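In: With the sequence up front, the predicted model follows.
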Amino acid sequence: MLFTELHLVEPILQALKTEGYTQPTPIQEQAIPQILRGKDVLGCAQTGTGKTAAFAIPILQNLFLEKRKENGFNKHIKTLILTPTRELAIQIDESFASYGKNMDITHTVVFGGVSQHSQVQALKRGVDILIATPGRLLDLMQQRFVSLQHIEVFVLDEADRMLDMGFINDVRKIITVLPTKRQTLFFSATMPREISGLANSILNNPIKVEVTPVSSTAEKITQAVYFVEKSNKRLLLTHLLQDKTIERVLVFTTTKHGADRVTKDLNKAGIYAEAIHGNKSQNARQRALTNFKEGNIRVLVATDIAARGIDVDDLTHVINFDLPNIAETYVHRIGRTGRAGASGIAISFCDAEERPFLRDITKLISISIPVVEEHPFKMAYANFAPSAASVAPAPSRGHGVFARRSRSWRQ
């Protein structure tokens, strides 16, 4: 299917053409027609599936047609998009700017960590679409800078991350002041019980759109694991990054302190890197992300929460410096590469304490992850010793860090 078959208006088609988009992703193909019809949608899709465009494009079209019919709008906010992180809010705002560049639809983004002055000024001028993080939105509502009385479309994006970050009560407070009669679009990568209950309470006979189950990893992502002592992980990372075929890499750590420490070590080794996490100011986080996107640095080190919403073209590698203790998080992490049909490489470091995490991951994704056995910081075999049944031959890469003998690890 092509975007031209989705009955989109010419201004959007022209914008998509400018962006180089011709074919919708599965979630876009399924969700866009339903949203255009005014249906509530429950979307379950992991990162990298094109979810933002799936709701941004039909929202823009419906507002465009409504505005043309009414010969313009007043200054009331018509659409509210609630998202958990500042980075994701900015990314969504940029998407609306791209897809709506040929339309007279106004939008702005509000989030914490920066002065509210410019955000308030934008709200006073009037906007059709508001993208917001929960905390800052509640602050502005309490100061009476924001009224949600005229909301026609409400989007709750990354609902599971809202729960993880402790925002769920703020979300509930915001929902209570929304008009009862509205279109609601609910997106989440996973559906834990509390999120499922929230969805059931705010959606009206929704159309369910589910693509790329959380257990799936992109076929074009080459995965590998290195067994290494915890104390040698930073040395191994520096060693791997001497390989210039690793052009742009996102490195995941579990803690903010760990991200800073890894970044410091890489910079000492002459490998320019920056870190983003919750303790960084918004300006510092945005500067680091911009430097990464523009190729000024090769390496961005991030925690999971800070990384949600990062969408970087041509991200060649993801490295799990620390393995996540939740298997689904692994899928989300490596999904940052191998997007839109491109290939990518995901490397994981595993120390002795992380073996249970690796076992959970391989169980979830139902594939064996090749083990790179030959490297300078190899863990003593006795420290991980996969059973004979779990060792199987695995294809190797013909270049770079994968041009070595490997086995597959799965228990």
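Out: Cool, the structure landed.
In: measure L237 to F349 for me?
Out: Between L237 and F349 the computed distance is 8 Å (Cβ to Cβ, to the nearest Å). For every residue, glycine as well, the C-beta is placed using N, CA and C.
In: oh, I was asking about F292
Out: Distance from F292 to F349, by Cβ to Cβ: 21 Å.
In: picking up where we left off before, name the residues contacting each of L237 and F349.
Out: I319, F321 (Cβ atoms under 8 Å, 6 or more residues apart in numbering).
In: what comes up buried for stretch 31-41?
Out: Buried positions in stretch 31-41, judged by neighbour count with 16 or more other Cβ atoms under 10 Å: A31, I32, Q34, I35, L36, K39, D40, V41.
In: What is the end-to-end distance of it?
Out: 7 Å (Cα to Cα, to the nearest Å).
In: what mean pLDDT does that stretch have?
Out: Average pLDDT, stretch 31-41: 97.
In: Pick out the most distant pair among the buried residues of stretch 31-41.
Out: I32 and D40 (14.4 Å; Cβ to Cβ).
In: Who are the contact partners of K256?
Out: Here K256 is in contact with H277, G278, N279, T303 (criterion: Cβ under 8 Å, 6+ apart).
In: Wait, a strand at A275?
Out: Yes. Residue state for A275 (DSSP: H, G, I helix; E, B strand; the rest coil) corresponds to a strand.
In: Hmm, it is touching A302, no?
Out: Yes. Counting by Cβ atoms under 8 Å, A302 is a contact partner of A275 at 7.0 Å.
In: Residues that sit against both of these two, list them.
Out: Shared contacts of A275 and A302, counting by Cβ under 8 Å, 6+ apart, come down to A259.
In: Would you mind giving me the confidence score for A132?
Out: So A132 comes in at 97 (pLDDT).
In: Name the residues linked to it by a beta bridge.
Out: Beta-bridge partners for A132, by DSSP bridges, are L82, V110.
In: Number of residues surrounding it?
Out: By other Cβ atoms under 10 Å, 25 other residues sit near A132.
In: For it, list the residues it contacts.
Out: L80, I81, L82, T83, A89, V109, V110, F111.
In: Is the first one in a helix, a strand, or coil?
Out: Under the three-state scheme (three-state DSSP), L80 adopts strand.
In: contacting residues for it?
Out: So L80 contacts L130, A132, L148, I151, V153, F154, V155, L178 (Cβ under 8 Å, 6+ apart).
In: Count the residues that sit near the closest residue to L60 other than its chain neighbours.
Out: Counting by Cβ to Cβ, 6 or more residues apart in numbering, L60 lies nearest to G100, which is 4.6 Å off, once chain neighbours are set aside. Using other Cβ under 10 Å, G100 has 24 neighbouring residues.
In: gap between G258 and F252?
Out: In terms of Cβ to Cβ, G258 sits 10 Å off from F252.
In: what do the two both touch?
Out: Shared contacts of G258 and F252, counting by Cβ under 8 Å, 6+ apart, come down to F321, D322.
In: Between those two, point out the one with more neighbours.
Out: Comparing G258 with F252 by other Cβ under 10 Å, the one with more neighbours is F252, at 28 against 20.
In: Beta-bridge partners for the more buried one, please?
Out: A302, N320.
In: domains for the protein, by residue range?
Out: 3-210, 221-409 (automatic domain parsing).
In: now the contacts of K256 as TSV including distance to L358?
Out: Putting the contacts of K256 into TSV (distance: Cβ to Cβ, whole Å) gives the following:
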residue	distance to L358
H277	24
G278	26
N279	28
T303	20
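In: Closest one to E229 out of those, please.
Out: Once Cβ to Cβ is applied, the member of the contacts of K256 that ends up nearest E229 is T303, at 22.5 Å.
In: Can you report how many residues lie near the spatially closest residue to the closest one that is not a sequence neighbour?
Out: Spatial nearest neighbour of T303, excluding adjacent residues (Cβ to Cβ, 6+ apart): H277 at 4.5 Å. Residues near H277, counting by other Cβ under 10 Å, number 23.
In: what about K208, which helix or strand?
Out: strand 207-210 (DSSP states H and E).
In: Who are the packing partners of that strand?
Out: helix 26-36, strand 41-44 (3 or more Cβ pairs under 8 Å, 6 or more residues apart in numbering; DSSP states H and E).
In: Next, the buried residues of it.
Out: I207, V209.
In: I'd like the mean pLDDT over the helix or strand that comes right after it, please.
Out: As assigned by DSSP H and E, the chain's next helix or strand after strand 207-210 is strand 221-227. In this model, strand 221-227 has a mean pLDDT of 93.
In: what packs against strand 221-227?
Out: By 3+ Cβ pairs under 8 Å, 6+ apart, strand 221-227 packs against strand 344-350, strand 369-372.
In: Output those strands as a markdown table; include the columns mean pLDDT and distance to F187.
Out: A markdown table is the format used below for those (pLDDT from 0 to 100; distance: least, Cβ to Cβ, whole Å):
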| stretch | mean pLDDT | distance to F187 |
| --- | --- | --- |
| strand 344-350 | 94 | 23 |
| strand 369-372 | 92 | 29 |
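In: which one of those strands lies closest to E247?
Out: It is, among the helices and strands packed on strand 221-227 and with distance given as Cβ to Cβ, strand 344-350, at 10.5 Å.
In: Same question for the next helix-or-strand element following that closest one: list its buried residues.
Out: Once strand 344-350 ends, the next helix or strand along the chain (criterion: DSSP H and E) is helix 355-365. Buried residues in helix 355-365, defined by neighbour count with 16+ other Cβ under 10 Å: R355, F357, L358, R359, D360, I361, T362, L364, I365.
In: how near is the first one to I367?
Out: Plainly put, R355 is 17 Å away from I367 if you go by Cβ to Cβ.
In: helices and strands of this protein: which one bottoms out on pLDDT?
Out: strand 392-393 (a mean of 34; mean pLDDT, DSSP states H and E).
In: Point out where the stretch 101-250 of the chain drops to low pLDDT.
Out: Low-confidence segments of the stretch 101-250 of the chain (pLDDT under 70): 212-219.
In: can you give me the strands for the stretch 101-250 of the chain?
Out: Secondary structure of the stretch 101-250 of the chain (DSSP state E, counting those that start in this stretch): strands at 107-110, 129-132, 153-156, 183-188, 207-210, 221-227, 249-252.
In: Relative to Q23, which of these is closest?
Out: strand 207-210 (17.1 Å).
In: quick revisit: please identify which pair of the contacts of L80 lies farthest apart.
Out: A132 and V153 (13.7 Å).
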